[in-house]
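Asker: I would like to see how this sequence folds:
(one chain, ligands or ions: 1)
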Amino acid sequence: MAEFLDLEAQDGVRMAWNVLPGTKQEAINCVVPVSAIYTPIKPFPNMPPPLPYAPLRCRTCRSVLNPFCIVDFAAKIWICPFCFQRNHFPPHYASITDDNLPAELFPQYTTIEYHCDSPGERSSLPPVFIFVVDTCIIEEELSFLKSSLSQAIGLLPDNSLIGLVTFGTLVHVHELGFGQIPKAYVFKGSKDISKEQLLEQMSFFLKKPKPATGVIAGARDGLSSESIARFLLPASECEFVLSSVLEELQKDPWPVPADQRATRCTSVALSVAASLLGACVPGSGARIIAFIGGPSTEGPGAIVSKNLSEPIRSHKDLDKDSAPHYHKAVKFYEGLAKQLVHQGHVLDLFACALDQVGVAELKVAVERTGGLVVLAESFGHSVFKDSLRRIFQSGENDLGLSSSP
Ligand SMILES: [Zn+2]
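Answerer: Numbering: from 1, shown residues only. Okay, here's the model as predicted:
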């Protein structure tokens with residue numbers, strides 16, 4: 001029993017049972033179902049380096065060769081512990097003996113990683129990050145945020161691709177690949193924009209018949225790598241441009257009357273970022289990391305009107321289902337969640353404000369894409385600063401996102 005608990009702790013697994021039912025009837029009789037909770041990004045200090053080949057799978061149930069399999073070294077056969085199928089070892093395992101084991105059979109390596117580069121297996125694409133930055137915040141908050149972002153950029157893996165979207169009354173998509181001069185595409189914040197409209201307005205070019213070498217992931221879906229490289233640049237190449245864009249970044253310049261809230265088009269900004277990723281890097285690991293400093297008041301995901309006489313919905317209003325913008329906003333974010341899931345992309349949210357920002361409406365898009373939410377009262381608060389750093393930093397406390405988004 002103690003040994004079983006040790007193994008659970010080592011592998012980041014918790015099981016309801018430590019034996020499997022032997023028959024269907026036994027399985028039916030179990031009041032507590034056979035189940036396991038697994039921790040996907042748990043750090044393993046003693047894990048061996050990834051094996052440079054693909055795992056060996058059971059012929060019948062596709063489970064993977066592991067230390068719990070019974071191995072017949074003379075007959076070169078292994079027996080699957082799940083379905084009892086007898087599997088022959090392939091020829092490259094011919095030298096296997098009791099004291100010449102492949103790493104995946106070592107009793108201590110109950111968790112192991114494989115590196116599969118063979119054609120057909122997914123090749124390793126660079127991680128992609130789009131920062132979506134709210135500029136409707138006071139100067140002090142903006143400077144806190146800028147300094148944290150600059151630090152984060154310094155921690156990014158060199159090969160990762162970076163994009164930047166800023167928003168307030170309008171959405172700005174920054175063209176980081178445009179030499180030394182800052183250039184941005186501007187979109188209205190009041191109306192959602194489709195991927196097709198976005199592509200047309202940003203004058204993306206379709207892939208040439210024979211793409212140049214060094215094509216970035218999305219090129220296979222019709223966009224030329226030149227188009228993609230205008231908005232998503234390797235961290236090593238854009239650090240300077242990105243830092244200077246951030247340095248120049250100003251508070252949203254549109255005047256806010258004393259009886260009104262700032263015009264903040266959070267939903268359209270997130271939608272633009274999602275469509276940009278969908279166009280450039282569909283199906284490859286990408287995250288939208290949004291930094292939001294207040295309630296959305298513009299566009300389909302608005303949670304409150306601009307008029308300060310209308311209070312922001314409270315927990316009570318949500319409970320009583322009397323928040324007037326709630327259903328419309330949730331419907332929008334459900335659509336965004338669907339788009340992101342389809343593209344294979346993640347939405348992370350850093351909501352840093354004393355006021356509400358609308359996580360109740362937005363959370364569906366974060367939850368369904370496996371993103372994370374960090375709530376703090378200010379971009380100057382250590383909860384925000386430390387959490388952001390841990391996303392990109394590798395080490396014991398990292399959130400494990402930089403290498404495998
Ligand atoms: Zn099997």
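Asker: show me where the protein has its helices.
Answerer: Using DSSP state H, the helices found in the chain span residues 2-11, 24-29, 139-155, 195-201, 225-231, 235-248, 266-280, 315-319, 326-343, 359-369, 382-392.
Asker: CSV for those helices, including distance to M47 and mean pLDDT?
Answerer: C-beta: built from backbone N, CA, C; applies to glycine. Below are those laid out as CSV (distance: least, Cβ to Cβ, whole Å; pLDDT from 0 to 100):
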stretch, distance to M47, mean pLDDT
helix 2-11, 10, 83
helix 24-29, 32, 89
helix 139-155, 23, 91
helix 195-201, 40, 84
helix 225-231, 34, 82
helix 235-248, 26, 86
helix 266-280, 31, 94
helix 315-319, 43, 92
helix 326-343, 29, 96
helix 359-369, 27, 95
helix 382-392, 20, 88
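Asker: comparing the ones you listed, which comes out most buried?
Answerer: Highest mean neighbour count among these (mean count of other Cβ atoms under 10 Å): helix 266-280, with a mean of 26.
Asker: tell me the angle that helix makes with helix 359-369.
Answerer: Per axes from the mean of the first three to the mean of the last three Cα atoms, to 10 degrees, the angle that helix 266-280 makes with helix 359-369 is 20 degrees.
Asker: run the angle between helix 266-280 and helix 326-343 for me.
Answerer: Using the same axes, to 10 degrees: helix 266-280 against helix 326-343 is 20 degrees.
Asker: so how far is helix 266-280 off the chain centroid?
Answerer: 14 Å (Cα atoms, centre = their mean, to the nearest Å).
Asker: same thing with stretch 11-29?
Answerer: Remark: stretch 11-29 is offset 32 Å from the chain centroid, using Cα atoms, centre = their mean.
Asker: quick revisit: tell me which of the helices of the chain sits nearest to the ion.
Answerer: For those, proximity to the ion was assessed by Cβ to the ion; helix 24-29 is nearest, at 16.1 Å.
Asker: can you list the residues that contact that closest one?
Answerer: Here helix 24-29 makes contact (Cβ atoms under 8 Å, 6 or more residues apart in numbering) with 21, 34.
Asker: alpha carbons of that helix, as PDB, please.
Answerer: Presented in PDB, the C-alpha positions along helix 24-29 are these (Å, rounded to 0.1, in the frame of the first residue of the first chain):
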ATOM      1  CA  LYS A  24     -17.100  -7.200 -16.200                       C
ATOM      2  CA  GLN A  25     -19.400  -8.300 -13.300                       C
ATOM      3  CA  GLU A  26     -16.800  -7.100 -10.800                       C
ATOM      4  CA  ALA A  27     -16.600  -3.800 -12.600                       C
ATOM      5  CA  ILE A  28     -20.400  -3.400 -12.500                       C
ATOM      6  CA  ASN A  29     -20.400  -4.300  -8.700                       C
END
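Asker: and the strands in this protein?
Answerer: Taking DSSP state E as the criterion, the chain carries its strands at 13-15, 36-38, 70-72, 77-79, 86-88, 128-134, 161-167, 170-174, 184-188, 233-234, 286-292, 345-352, 373-376.
Asker: the fourth one: which residues count as buried?
Answerer: If I follow you right, that is strand 77-79. Across strand 77-79, burial judged by 16 or more other Cβ atoms under 10 Å covers W78.
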